[in-house]
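Novice: Give me a 3D structure for the following:
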Amino acid sequence: MWGYKVIVCLCLIYLTPTNSTRESEGSVFDQIFEDSLVLPGEIKYTSDEFLHMGIIFCNVTFYEKDTGIETTKHGRQFKNMIRSLFKSSEGTPLHMVFLTDQQSKHFIKQIMTSEIVKVLRAASIGPGTEINDFLNVYREGTPWKFPRKLRVEFADINYFSTTFKEELDHLKLWYGNMGQEEVKIGSDGKTYIYTISRKYQKDLFYIAPFYHKVFPKELKYIAFFDVDLQFKKDLSELIEHRKFMSGSEAIAVGLEQTPHYYLVSVNHRKKYPDSKIGFHGKTQGFNTGVVIYDLEKLRKSEIFDLMLTPENYRTWVYKYYFYGTVGDQDLFTQMYWEVPDLFYILPCEWNLQTHKDPSMSVETEKIYPLYHDCPHEPKILHDNKYIL
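Specialist: Residues are numbered from 1 along each chain as shown. Alright, predicted model coming up:
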């Protein structure tokens, strides 16, 4: 969230790799991967030379290990994400931080190694101390390039659970509500039983508000991504949005592209008829599949940490008439409704979501296009479609 196999099937015959090929691949992997699982505050690469990206990938189960993680939904998503990351690269140096655990680290490295080997076999990088040249490998007519520098580090996600246990428990109380099983009649006339996934009881869905406290002070920002993404553009274009953020805007995040927050805040609007909370536009709520955290601004903010209190959570939940169910996404949505100056809204094409709930009512389906409207081609496609 892992067997390892590289299959080449393009009407080409590959002989057993030569010793020089193995040495070349080995030298590249030695450059790329830091082998240790370190504390988040101990990551090494913090300079502006790299684009810094974070991914949460942990809790690989014994079942997934036995069956092969690449055969699971989560494993396939991760493999496709990494493949699209390389394919969309225009050579931007990339520093990847995986928040993970010791058990999962091995499988992350296996999948990434598998995808890198495919690039190596298609166009030799060659031995050396650095990956100096772009790789132009054509797949379906599209140039496939590789980051000029790639560094991968593994940070212990359990550090958050031990360091912020009380804070995480408070967040889960207000933003990890399991709710009741609900029966819905969809616009297609079918009956659906709706429940909240128990996965949102895990600490990993509540740790984002504490990134600025644990990553090294030399690290100015980090962009976090879900694993169910397909990258269509080099990520340097995304990070350019840091230049457009105002002095107070510390978190850049896209909008939720369904009427979800419109529906859950209905009782708020009944009490406050003039409220536009949940309406399509800036108040329609967030989707945290793609987020840029300006760590410098969060450290300097006079209000961000002060807002993270159980008293505020209680006030906001009662004010907007809904408990959160999906962790810090709900927290950030309510925080934005309270203090919009802390957030910068990313253009829709940087988190174009595929989710459409089949259990939505006829009335909800009528307004769905208003929330899902994005006139641009996706630069990051978020494949979070509903799976029965």
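Novice: leaving aside the residues next to it on the chain, what's closest to Leu235?
Specialist: In this structure, Leu235 finds its nearest non-sequential neighbour in Leu51, 5.6 Å apart by CB to CB, 6 or more residues apart in numbering. Bear in mind the C-beta positions are built from the backbone N, C-alpha and C, glycine included.
Novice: Show me what that neighbour is bridged to.
Specialist: Per DSSP bridges, the residues bridged to Leu51 are Leu94.
Novice: Confirm for me that Leu238 is in contact with Phe225.
Specialist: No - Leu238 is beyond contact range of Phe225, at 9.6 Å (criterion: CB atoms under 8 Å).
Novice: Now do the shared contacts for these two.
Specialist: 290, 380 (CB atoms under 8 Å, 6 or more residues apart in numbering).
Novice: returning to that earlier point: so what's the residue count around the residue nearest to Leu235?
Specialist: 20 (other CB atoms under 10 Å).
Novice: just use 504 as the starting number from now, easier for me
Specialist: Understood, numbering begins at 504; the last thing we discussed is Leu554.
Novice: quick one: it from Met599, how far?
Specialist: As for Leu554, its distance to Met599 is 9 Å (criterion: CB to CB, to the nearest Å).
Novice: Tell me who's in contact with Met615.
Specialist: Met615 neighbours (CB under 8 Å, 6+ apart): 536, 585, 655.
Novice: Also Leu707?
Specialist: By CB under 8 Å, 6+ apart, the residues touching Leu707 are 559, 561-562, 602, 660, 663.
Novice: which ones among the residues you listed are found in strands?
Specialist: 559, 602 (DSSP state E).
Novice: Out of the contacts of Leu707, which end up buried?
Specialist: Applying 16 or more other CB atoms under 10 Å to the contacts of Leu707, the neighbour count classes 559, 561-562, 602, 660, 663 as buried.
Novice: Need the residues you listed in a markdown table (columns: pLDDT and distance to Leu834).
Specialist: Shown next, in a markdown table, are these (pLDDT from 0 to 100; distance: CB to CB, whole Å):
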| residue | pLDDT | distance to Leu834 |
| --- | --- | --- |
| Ile559 | 97 | 16 |
| Cys561 | 93 | 20 |
| Asn562 | 88 | 21 |
| Leu602 | 98 | 18 |
| Ile660 | 98 | 18 |
| Phe663 | 98 | 15 |
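Novice: Domains in this protein, by residue range?
Specialist: Domains of the chain are assigned by automatic domain parsing as 522-659, 668-885.
Novice: least reliable of those domains going by mean pLDDT?
Specialist: Per-stretch mean pLDDT for the domains of the chain is lowest at domain 522-659 (a mean of 80).
Novice: Check whether Cys601 really touches Ile558, as I assumed.
Specialist: Wrong residue type there; residue 601 is Phe, not Cys. Yes - with contact defined as CB under 8 Å, Phe601 reaches Ile558; the gap is 5.5 Å.
Novice: between those two, which one's more packed in?
Specialist: The neighbour count for Phe601 versus Ile558, taken as other CB under 10 Å, is higher for Phe601 (22 against 19).
Novice: and the more buried one, what are its bridge partners?
Specialist: Ile558, Phe657.
Novice: so how far is the helix or strand Ile614 falls within from its chain's centroid?
Specialist: Ile614 is part of helix 605-625, with elements assigned from DSSP states H and E. The chain centre lies 19 Å from the centre of helix 605-625; the measure is CA atoms, centre = their mean, to the nearest Å.
Novice: What residues sit buried inside that helix?
Specialist: Buried residues in helix 605-625 (16+ other CB under 10 Å): 607-608, 610-625.
Novice: Equivalent analysis for stretch 740-750, please.
Specialist: Using 16+ other CB under 10 Å as the test for burial, stretch 740-750 gives 740-742, 744-745, 748.
Novice: what do you get for stretch 748-765?
Specialist: Under the neighbour-count criterion of 16+ other CB under 10 Å, stretch 748-765 has 748, 751-765 buried.
Novice: Check the spacing between the residue nearest to Leu738 and Cys561 real quick.
Specialist: To Cys561, Leu554 is 23 Å away according to CB to CB.
Novice: got it, and Ser539?
Specialist: Distance, Ser539 to Cys561, by CB to CB: 16 Å.
Novice: phi, psi of His885?
Specialist: phi -100, psi 100 (degrees, to the nearest 10).
Novice: What are the contacting residues of stretch 664-678?
Specialist: 663, 704, 706, 709-710, 712-713, 717, 811, 813, 816-817, 820, 826-831, 833-834.
Novice: if you set the cut-off to 7 Å instead, what comes out?
Specialist: With contact meaning CB atoms under 7 Å, 6 or more residues apart in numbering, stretch 664-678 is reached by 704, 706, 709, 713, 813, 816-817, 820, 826-827, 830, 833-834.
Novice: correct me, but Arg586 touches Val620?
Specialist: No - counting by CB atoms under 7 Å, Arg586 does not reach Val620; the two are 12.0 Å apart.
Novice: Which residue is the nearest non-sequential neighbour of Ser768?
Specialist: Spatially, and ignoring its direct neighbours in sequence, Ser768 is nearest to Gly781 (4.2 Å; CB to CB, 6+ apart).
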